[in-house]
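A.B. asks: okay, predicted coordinates and the sequence, questions at the end:
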Amino acid sequence: AYVLPLYLHMFKGEERKEAAARLAELVKENGYRIGTGFPGTPYILFALADNGQVDAAYRMLLNDTCPSWLYEVKMGATTIWERWDGLDESGQCPIGDDGTDLMISYNHYASGAVGDFLYRRVLGIEMIDPGYRTFRFKPIIHSSLNWAKGHVQTPYGTISASWKVEDSLLDVRVHIPIGTRCRLELQGGQTQDLCPGDHQVNQTINLGTRQEEDKN
């Protein structure tokens, strides 16, 4: 009920802030496990991270208890399952006769839409104009991860980007194809318009510690 209105910017002003805080409370109460269906699952991490609840988003993303994305990885999955509980902790399929003729898919895209968040927020590459003629590089840095690296194929060529945090120094690198432009946005409001080519930018940051985040 909160995810889609937040993602679609239907809440305004203080109402939006309060809705995001309530969503984060519900996520915490559920042990940071996923609790949405097909309509909400692709957007819940965006709804949190884009509205000041970055810690809750990363805790949900990196959770490995069922139901969660990394629970499947922990159980040996190399594809996304149709059901979060496709295998139990002993590696057995727990699905009984629930009216689906004992059917379950172990290669099912729906919940794999989390990949969109990985590219657009964790890595930070997001299209602004069609075909990535202009795009944004704005990674959401969190203490749970110390690096991310990836690339996106576009009609203009390959955009490749990476970021790494070491000893409080953020190292950002991006390759911008000819014919495109990039808006680099880093924490603290630092912005740059980058032309085609290879770029490297460093920034000193303070991510704190997990203990400090727990206190907050």
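C.D. replies: Great, that's in hand.
A.B. asks: list the contacts of the residue nearest to I95 when sequence neighbours are not counted.
C.D. replies: Of all residues not flanking I95 in the chain, I104 sits nearest, at 5.3 Å (CB to CB, 6 or more residues apart in numbering). The C-beta positions use only the backbone N, C-alpha and C, and glycine is treated the same way. Going by CB atoms under 8 Å, 6 or more residues apart in numbering, I104 touches 81-83, 86, 93, 95.
A.B. asks: redo that, cut-off 7 Å
C.D. replies: 82-83, 86, 93, 95 (CB atoms under 7 Å, 6 or more residues apart in numbering).
A.B. asks: again with V122
C.D. replies: 139-140, 148.
A.B. asks: can you pick the most crowded of the residues you listed?
C.D. replies: Of all the contacts of V122, the highest neighbour tally under other CB atoms under 10 Å goes to P139, namely 22 neighbours.
A.B. asks: pretty sure that one sits against L123.
C.D. replies: Yes: contact criterion CB atoms under 7 Å: P139 and L123 qualify, at 6.2 Å.
A.B. asks: on that earlier part again, which phi and psi does the residue nearest to I95 have?
C.D. replies: phi -150, psi 140 (degrees, to the nearest 10).
A.B. asks: how about the strands in the chain?
C.D. replies: Here the chain has its strands, by DSSP state E, at 125-127, 134-137, 147-154, 157-166, 169-176, 181-185, 191-194, 197-204.
A.B. asks: redo those strands as TSV? Include distance to L4.
C.D. replies: Converted to TSV, the strands of the chain look like this (distance: least, CB to CB, whole Å):
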stretch	distance to L4
strand 125-127	19
strand 134-137	23
strand 147-154	26
strand 157-166	29
strand 169-176	31
strand 181-185	25
strand 191-194	29
strand 197-204	34
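A.B. asks: redo these as a markdown table? Include distance to G99 and mean pLDDT.
C.D. replies: Shown next, in a markdown table, are the strands of the chain (distance: least, CB to CB, whole Å; pLDDT from 0 to 100):
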| stretch | distance to G99 | mean pLDDT |
| --- | --- | --- |
| strand 125-127 | 41 | 97 |
| strand 134-137 | 45 | 98 |
| strand 147-154 | 40 | 97 |
| strand 157-166 | 45 | 97 |
| strand 169-176 | 50 | 97 |
| strand 181-185 | 48 | 97 |
| strand 191-194 | 53 | 95 |
| strand 197-204 | 54 | 96 |
